[in-house]
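J.: Any chance you could fold what I've pasted below:
(chains A, B, C and D)
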2 protein chains.
Amino acid sequence: MARPREFNYNLALRGATDIFWQRGYRATTLPDLLAAMGMTRGSFYQAFGDKEATYLEALDCYDKEVVSKTVELLNRCDEETAVACLMPMFQGDGSDKHGCFICNAIVEMGPEHPKVAQKARAMADRLRQAILFVLERYEQNRTDRVLPDTADLILHLYFGKQAMGKAGGPKADWEGRLRSLI
Amino acid sequence: MARPREFNYNLALRGATDIFWQRGYRATTLPDLLAAMGMTRGSFYQAFGDKEATYLEALDCYDKEVVSKTVELLNRCDEETAVACLMPMFQGDGSDKHGCFICNAIVEMGPEHPKVAQKARAMADRLRQAILFVLERYEQNRTDRVLPDTADLILHLYFGKQAMGKAGGPKADWEGRLRSLI
DNA sequence: AGAATTTAAGACCATTTAGTACAAAACAAC
DNA sequence: GTTGTTTTGTACTAAATGGTCTTAAATTCT
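T.: Purely as a prediction, here's the structure:
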């Protein structure tokens, strides 16, 4: 009963997610964003509201697509050891070339944008929970540390690695490190 | 032989450092910056060049003032244990309310601004070196891990803590964690 | 005191920003 | 085919951006 959309909402949202992930909120101009989403102003403002709303949507998209994938990977993983399960998070499989969107969002927007901080915390919680699940699954009771705390520590290492990775520099032997932690 | 400056260069630079540290590069508008530095456009552009040059100067200032202070603290420290020496880095003594400028700069500018990335790496190296020095000083040879790697791991934890801290959330028992690592 | 020289203040400018308005276009229902 | 409805593309806008230019003020040296 009306003109059909020429764009695919989810596809456009993924484009937005990619560019916000890569460049951050402020560094992404509207023309950049529109190009990444494959649409023009008119369609964009009608379908997505505005830039800020789109950023929030992009965070949700990252949650659904990227975080969920990691969480499922950790949940399903049946490697020999917990370390082997966690390694994908630490060996930059290409998809984290621009760091971690959660980390980027916290650093850029966290202090001034409660909604972003809240979403970021929620995603971090999911990751921590999944890490904990791995640890619990492989627990050999020769561990003297509290598992949730170890999971949180590994999560912090993950964020630290993602942040520092954006400055380049040499990569470390994360497998050895994780082994010594768990 | 000419009109004297009404502002103190170093004081203005510290103002710039503070606001860049707190808000980041892009979120700091020129009026914000000028207010923080206590000067007007004319003086600013003559004395500091432009916004980008000032940001680079601010990173150097952070290096000289904040990083150096931390490094010296670590070098001079004569606590009972290495953990006690390192704890100041992990118990947010107020000065890191806005996270760590190194970390913020890497995340915001690292991938697109090689000079920033390089300065950030250099500062991170200084911190890592100081951490290593502490570890070496307190080494009881009951450690089976390579000390430089442990120092780098602690540095990553530091960055991770600084990044995640900007989203709020509960604080962890870093003393216990460090103890278990060293 | 006067000349020389640098700083200070702010008016000014071109560009870019996010966001809006509106007319043309593309479909579905009848 | 006409009507009704939504999408699309673009011209437009108002505000904010970083940066320059000009003029007046403050100092030192002679």
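J.: Residues touching stretch A:112-121, excluding its own?
T.: Residues from elsewhere that reach stretch A:112-121, judged by CB atoms under 8 Å, 6 or more residues apart in numbering or on different chains: A:55-56, A:59-60, A:63, A:102, A:105-106, A:109-111, B:23, B:27, B:166-169. (C-beta placed from N, C-alpha, C; glycine too.)
J.: I meant to write stretch A:25-34 there.
T.: Contacts to stretch A:25-34, defined as CB under 8 Å, 6+ apart, come from residues A:16, A:19-20, A:23, A:36, A:40-41, A:44, A:51, A:54-55, A:105, A:108-109, B:26-27, B:108, B:112.
J.: From these, list just the buried residues.
T.: Neighbour-count burial (16 or more other CB atoms under 10 Å in any protein chain shown) applied to the contacts of stretch A:25-34 gives A:16, A:19-20, A:23, A:36, A:44, A:51, A:54-55, A:105, A:108-109, B:27, B:108.
J.: just those residues that are near DNA strand C?
T.: Under the cut-off given by CB under 7 Å from any atom of the strand, DNA strand C has A:K51 from those close to it.
J.: could you redo the buried ones among the contacts of stretch A:25-34 as TSV and give each row pLDDT and secondary structure?
T.: Putting the buried ones among the contacts of stretch A:25-34 into TSV (pLDDT from 0 to 100; DSSP: H, G, I helix; E, B strand; the rest coil) gives the following:
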residue	pLDDT	secondary structure
A:A16	97	helix
A:I19	97	helix
A:F20	97	helix
A:R23	97	helix
A:A36	96	helix
A:F44	96	helix
A:K51	97	helix
A:T54	97	helix
A:Y55	98	helix
A:A105	98	helix
A:E108	97	helix
A:M109	97	helix
B:A27	97	coil
B:E108	97	helix
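J.: Convert the C-alpha atoms of stretch A:77-84 to CSV, please.
T.: Below are the C-alpha coordinates for stretch A:77-84, written out as CSV (Å, rounded to 0.1, in the frame of the first residue of the first chain):
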residue,chain,number,x,y,z
CYS,A,77,33.3,-25.1,23.5
ASP,A,78,34.6,-28.6,24.2
GLU,A,79,38.3,-28.1,23.9
GLU,A,80,40.7,-30.0,26.1
THR,A,81,41.2,-27.2,28.5
ALA,A,82,39.5,-24.0,29.7
VAL,A,83,42.5,-22.1,28.3
ALA,A,84,41.9,-23.5,24.9
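J.: Report the buried residues of it.
T.: Using 16+ other CB under 10 Å as the test for burial, stretch A:77-84 gives A:77, A:82-84.
J.: do the same with stretch A:24-36
T.: Under the neighbour-count criterion of 16+ other CB under 10 Å, stretch A:24-36 has A:24-25, A:27-28, A:33-34, A:36 buried.
J.: again, but for stretch A:106-122
T.: Counting neighbours by 16+ other CB under 10 Å, one finds that the buried residues in stretch A:106-122 are A:106-111, A:113, A:116-117, A:119-121.
J.: tell me the two of the buried residues of stretch A:77-84 that are most distant?
T.: Distance extremes for those: the farthest pair is A:C77 and A:V83 at 10.9 Å, using CB to CB.
J.: Include secondary structure, pLDDT and distance to B:R126 when you put the buried residues of stretch A:77-84 into CSV, please.
T.: Output for those, formatted as CSV (DSSP: H, G, I helix; E, B strand; the rest coil; pLDDT from 0 to 100; distance: CB to CB, whole Å):
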residue, secondary structure, pLDDT, distance to B:R126
A:C77, coil, 90, 38
A:A82, helix, 93, 34
A:V83, helix, 94, 31
A:A84, helix, 94, 34
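J.: so can I have CSV of the residues you listed showing distance to A:L157?
T.: Shown next, in CSV, are the buried residues of stretch A:77-84 (distance: CB to CB, whole Å):
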residue, distance to A:L157
A:C77, 18
A:A82, 14
A:V83, 13
A:A84, 16
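J.: show me what contacts the residue of chain A found nearest chain B?
T.: Going by CB to the nearest CB, chain B is nearest to A:G160 of chain A, at 3.2 Å. By CB under 8 Å, 6+ apart, the residues touching A:G160 are B:155-161, B:163.
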